[in-house]
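Peer 1: Pasted the sequence and its predicted model underneath.
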Number of protein chains: 2
Amino acid sequence: MTSVLALHNRELLGTRGAGDRARAAATLRDVAGLAGVSVSTVSRVVSGTGYVAADTRRLVESAIEKLGYVPSGAARGLVARRTGMLGLCLPDMAPTADLLAPTRTGSGVEVITDDATAPDGSSWGGLYFGEVIRGAEYAAWQAGYALTVVVARPPQAEARIRDLAGRVDGLIVVAGTLPDKLLEHVTHRLPAVLVAGARPAGGYDHVGVENARGVQALVEHLVRTHGIHDVRYVAGHANSPDDSDRFRGFRAAMHAVALPTPREPALRGDFSRATGRRLARRLVADHRRGGVPLPGALVCVNDETALGFLDVFNAEGIDVPGDVVLTGFDGIDGGRTSSPRLTTVEQPMTDLGRLAVEILRACLADPKLPRQSIHVPVRVLLRESCGTH
Amino acid sequence: MTSVLALHNRELLGTRGAGDRARAAATLRDVAGLAGVSVSTVSRVVSGTGYVAADTRRLVESAIEKLGYVPSGAARGLVARRTGMLGLCLPDMAPTADLLAPTRTGSGVEVITDDATAPDGSSWGGLYFGEVIRGAEYAAWQAGYALTVVVARPPQAEARIRDLAGRVDGLIVVAGTLPDKLLEHVTHRLPAVLVAGARPAGGYDHVGVENARGVQALVEHLVRTHGIHDVRYVAGHANSPDDSDRFRGFRAAMHAVALPTPREPALRGDFSRATGRRLARRLVADHRRGGVPLPGALVCVNDETALGFLDVFNAEGIDVPGDVVLTGFDGIDGGRTSSPRLTTVEQPMTDLGRLAVEILRACLADPKLPRQSIHVPVRVLLRESCGTH
DNA sequence: TTGTACGCGTTATCAT
DNA sequence: ATGATAACGCGTACAA
């Protein structure tokens, strides 16, 4: 365990300054004592309810100022039965290298030449979750809530999620993050909204994405507009509902254009850029050494996977879209800045967070509201990787 | 106000399912009553402390299961004087269009051709804050805390920050987010760590970045290795401490290489890509129409600003680095994927969040700890935009 | 206009 | 091994 005290570049400042942390926090009683009034008067001043004489108010306010009084959220929450916080549970993502590495030491500035190696994958799942957080925080603030973000990672993930559930008024859960049993348990206490994934079985509120329709529209475009017949689907994890929805859309499209409908995805990755690269290398090897022809188009389950393919294709001199057409799903930034830019199905990720908060707010206002499942529409963005331009 | 009920694509599920939200949350007493034991026993089972007979434990556990009991964080926090949460205050950023727009309606999938227009700027301040959140959340989880994220935006920003301060055990404040007075007030109750910006005056804990040294090393490289003499600094907001630190580094470098040291930045923007573009357009116009020669190099206060310049230079056929060398600061993803890639000073943004949490944890463990100010080192990343390759 | 007193749900201390 | 009970800090009816 690296102690903060062991850090480089550390400067000690004076041992006192604004706010003396050693002293216990002031309470209503302390303020009342200093101002010479009762606790209820202070409470009225703080909450702005009820009648308080102007003189008394000023007296109390200066006492509050002097003591640096901040009301205890725990005590307020206890009586109000409301914490003013919403929880957002994200699935465990493998921490990227920058999180695992010890903090760099030495105060000198390193000057290094940055070779064009692409990163292993982006933070927050290619920013997908970053956008969900952003949308949720924005909507939460507007609704008068703060957002507590938690990544359900071991150890003790369950215990700590339960703990969170005791400290917030509502929960947004990215699908697949919590075991069904835990989810069912905590929903006895507070409303929960599932985000992404398939529509849940248990009668939960849900905000989903038009996975199938998006892929279907994309694939139909590839076949009808570009005349590609040999279209292959590159899957993610086998048990991902998003993946199977998208594959369902793929099959629906193939069926609609009267092409052979595969039972299984042609390739299976795991949503990561690294695995996309691995699959691509095998494809290229089979092609170069085994004489296996490249497919007409690769429809990937997500952008990260597609970008992994693109890394390898670009490195190996395989032209996209000339030799093979490549598409993704999500609309992350990396697909907009790659070359060629990636044709993809864009999902409005901030909206997922926003709508989840909206639903939560409605449930909180009226607990008897029936459960609802809404779907946010997607857009197919045609860019260079499918040869449109 | 758009009601959730007005949304498209909505499906109503049954009005009951897992967890009946209409019923009030179960309490310790409810569990005790159902299990036929006292509240103390239930408390012991839940917290895992003290002796409980195996039979009794099973009895209690099944009651907990049946009622979906989740301990009240408010009540726990009240007696424990600890909430297990850390707060992260981010400065108000103008919401991007996706947050302001009403949710798209209609369930059909739009298929559109995406022209290569660059976005007005990225979410979360070019992901800067996203990375800080990521680092902070990771470290917080490891330390046993959850992270509550709040953007201090009007209205009622002050009141709500004070509210937050009453609900968390410690506060991470991105510098400049809170008025000094408020910061001083809340630090009476809990420890706060400032992140980024200049070292604060008031004796706060602080995690900063080697702004000056980073820019200095970069500029010295430009002059010494590339022989550029006409180097100009493009500033951000006039009152930003990060900006003035970086400009200080710029001046130190010019002094070190015996070049004229400017008093003021050559140009002043506001950290945004859009303003970078605006400045660039004026520069190009002066050059083309006024015959003003382009500078040898533009050293921008941050990557977003530099990318704005690059947008215009690329559009106008001005070669980077051939006609003018361009550099940034931050190391955001956009500078790694632009063409040419952007030479920059990379700051380890996740480390800012991580170290802030580390300090908070130390302060929480020992409130008498002296204040400290640490600086994370930076790296100059040489890429194509300065002509290294 | 101000003060008193009770309860919110939990933990901890003490008895049993 | 289990139960009774007193805080914890605040809101709020109700009394003054």
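Peer 2: Yep, that arrived. Numbers count the residues shown, from 1 in each chain, chains lettered A, B, ... in the order given.
Peer 1: Contact residues of chain A facing DNA strand C?
Peer 2: A:37-41, A:44, A:50-53, A:55-56, A:75, A:78-79, A:81 (CB under 7 Å from any atom of the strand). Every residue, glycine included, has its C-beta placed from N, CA and C.
Peer 1: Neighbour-wise, which one of those residues leads?
Peer 2: Most neighbours among those, by other CB atoms under 10 Å in any protein chain shown: A:T41, with 22 neighbours.
Peer 1: Point out the other helices and strands that the helix or strand containing that residue packs with.
Peer 2: Counting by DSSP states H and E, the element that carries A:T41 is helix A:39-47. Applying 3 or more CB pairs under 8 Å, 6 or more residues apart in numbering or on different chains; DSSP states H and E, one finds that helix A:39-47 contacts helix A:28-35, helix A:54-67.
Peer 1: can you give me the strands in the stretch 201-350 of chain A?
Peer 2: A:205-209, A:231-235, A:267-268, A:297-300, A:325-327, A:344-346 (DSSP state E, counting those that start in this stretch).
Peer 1: just for the stretch 51-200 of chain A, where's the confidence low?
Peer 2: Within the stretch 51-200 of chain A, the stretches with pLDDT under 70 are A:102-107, A:117-127.
Peer 1: Get me the contact residues on it for DNA strand D.
Peer 2: So far as CB under 7 Å from any atom of the strand goes, the stretch 51-200 of chain A lies against DNA strand D at A:Y69, A:P71, A:S72, A:A74, A:A75, A:R76, A:L78, A:V79, A:A80.
Peer 1: any idea how far the residue nearest the centre of chain A is from A:L99?
Peer 2: Centroid-nearest residue in chain A, with CA atoms, centre = their mean: A:F129, separated by 1.7 Å. With distances taken as CB to CB, to the nearest Å, A:F129 is found 14 Å from A:L99.
Peer 1: Can I get the helices and strands packed on helix A:39-47 in TSV including distance to A:V299?
Peer 2: Formatted as TSV, these follow (distance: least, CB to CB, whole Å):
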stretch	distance to A:V299
helix A:28-35	62
helix A:54-67	62
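Peer 1: pLDDT score assigned to whichever residue of the stretch 251-389 of chain A sits closest to DNA strand C?
Peer 2: Closest to DNA strand C within the stretch 251-389 of chain A is A:P367: 15.1 Å, counting by CB to the nearest atom of the strand. With respect to pLDDT, A:P367 has a value of 88.
Peer 1: What helix or strand is it located in?
Peer 2: Counting by DSSP H and E, A:P367 is part of no helix or strand.
Peer 1: what about it, neighbour count?
Peer 2: Number of residues near A:P367 (other CB under 10 Å) recorded here: 14.
Peer 1: That one is in contact with A:P191, isn't it?
Peer 2: Yes - counting by CB atoms under 8 Å, A:P367 touches A:P191, with 7.3 Å between them.
Peer 1: before we move on, the earlier item: need the residues that contact the helix holding A:T41.
Peer 2: A:28-29, A:31-32, A:35, A:50-52, A:56-57, A:60-61, A:63-64, A:71 (CB atoms under 8 Å, 6 or more residues apart in numbering or on different chains).
Peer 1: hang on, the earlier thing: not counting residues beside it along the chain, what's closest to the residue nearest to the centre of chain A?
Peer 2: Using CB to CB, 6 or more residues apart in numbering or on different chains and skipping residues adjacent in sequence, the residue nearest A:F129 is A:L90, 5.2 Å away.
Peer 1: circling back to that earlier point, I'd like to know which of the strands of the stretch 201-350 of chain A is closest to B:E110.
Peer 2: Nearest to B:E110, of all the strands of the stretch 201-350 of chain A, is strand A:344-346, at 9.3 Å by CB to CB.
Peer 1: Just give me how far the closest one sits from the chain centre.
Peer 2: Distance of strand A:344-346 from the chain centroid (CA atoms, centre = their mean, to the nearest Å) equals 17 Å.
Peer 1: So what touches that strand?
Peer 2: In contact with strand A:344-346 (CB under 8 Å, 6+ apart) are residues A:214-215, A:217-218, A:303, A:306, A:327-331, A:335, A:378-381, A:383, B:109.
Peer 1: at 6 Å instead, please
Peer 2: A:G214, A:L218, A:D303, A:G328, A:F329, A:G331, A:G335, A:V378, A:R379, A:V380, A:L381 (CB atoms under 6 Å, 6 or more residues apart in numbering or on different chains).
Peer 1: Let me see the mean pLDDT of that strand.
Peer 2: Mean predicted lDDT for strand A:344-346 stands at 96.
Peer 1: From B:V324, how far out is the residue nearest to A:F129?
Peer 2: 42 Å.
Peer 1: what's the answer for A:A362, then?
Peer 2: For A:A362, the distance to B:V324 - CB to CB - is 54 Å.
Peer 1: Looking at these two, which is more packed in?
Peer 2: B:V324 (23 against 19).
Peer 1: right, and the more buried one touches B:L294 too?
Peer 2: Yes - in this structure B:V324 lies within contact range of B:L294 using CB atoms under 6 Å: 4.8 Å.
Peer 1: so where is the stretch 251-389 of chain A shaky, pLDDT-wise?
Peer 2: In the predicted model of the stretch 251-389 of chain A, residues A:388-389 satisfy pLDDT under 70.
Peer 1: Number of residues surrounding the closest residue to A:A196 other than its chain neighbours?
Peer 2: Leaving out its chain neighbours, the residue that sits closest to A:A196 by CB to CB, 6+ apart is A:A175, at 4.9 Å. For A:A175, the neighbour count with other CB under 10 Å is 21.
Peer 1: so what's A:A175 up against?
Peer 2: So A:A175 contacts A:L194, A:A196, A:G197 (CB under 6 Å, 6+ apart).
Peer 1: nearest to DNA strand D, of the residues you listed?
Peer 2: Nearest to DNA strand D, judged by CB to the nearest atom of the strand, of the contacts of A:A175 is A:L194 at 32.3 Å.
Peer 1: tell me what the one helix or strand the closest one maps to is packed against?
Peer 2: In this structure, A:L194 sits in strand A:192-195 according to DSSP H and E. Secondary-structure packing of strand A:192-195 (3 or more CB pairs under 6 Å, 6 or more residues apart in numbering or on different chains; DSSP states H and E): strand A:170-174, strand A:205-209, helix A:349-365.
Peer 1: which residues sit against that strand?
Peer 2: A:171-175, A:200, A:204-207, A:352, A:356, A:359-360.
Peer 1: Each with direction, which strands does that strand pair with?
Peer 2: strand A:170-174 (parallel), strand A:205-209 (parallel) (DSSP bridges).
Peer 1: quick one on the thing from earlier: want to throw the contacts of strand A:344-346 into a markdown table with neighbour count?
Peer 2: Output for these, formatted as a markdown table (neighbours: other CB atoms under 10 Å in any protein chain shown):
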| residue | neighbour count |
| --- | --- |
| A:G214 | 25 |
| A:L218 | 30 |
| A:D303 | 31 |
| A:G328 | 33 |
| A:F329 | 31 |
| A:G331 | 24 |
| A:G335 | 29 |
| A:V378 | 25 |
| A:R379 | 20 |
| A:V380 | 27 |
| A:L381 | 24 |
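Peer 1: Go back to the residues you listed and keep what's next to chain B.
Peer 2: Contacts with chain B are made by A:G214, A:V378, A:R379, A:V380, A:L381 out of the contacts of strand A:344-346, judged by CB under 6 Å from any CB of the partner chain.
Peer 1: hang on, the residue nearest to A:F129 packs against A:V174?
Peer 2: Yes - with contacts counted by CB under 6 Å, A:L90 reaches A:V174, the gap being 5.4 Å.
Peer 1: what about A:L194, neighbour count?
Peer 2: Applying other CB under 10 Å, we find 27 residues neighbouring A:L194.
Peer 1: if I look at it, how far off is B:R29?
Peer 2: 31 Å.
Peer 1: before we move on, the earlier item: neighbours of the residue nearest to A:F129, how many?
Peer 2: A:L90 has 23 neighbouring residues, counting by other CB under 10 Å.
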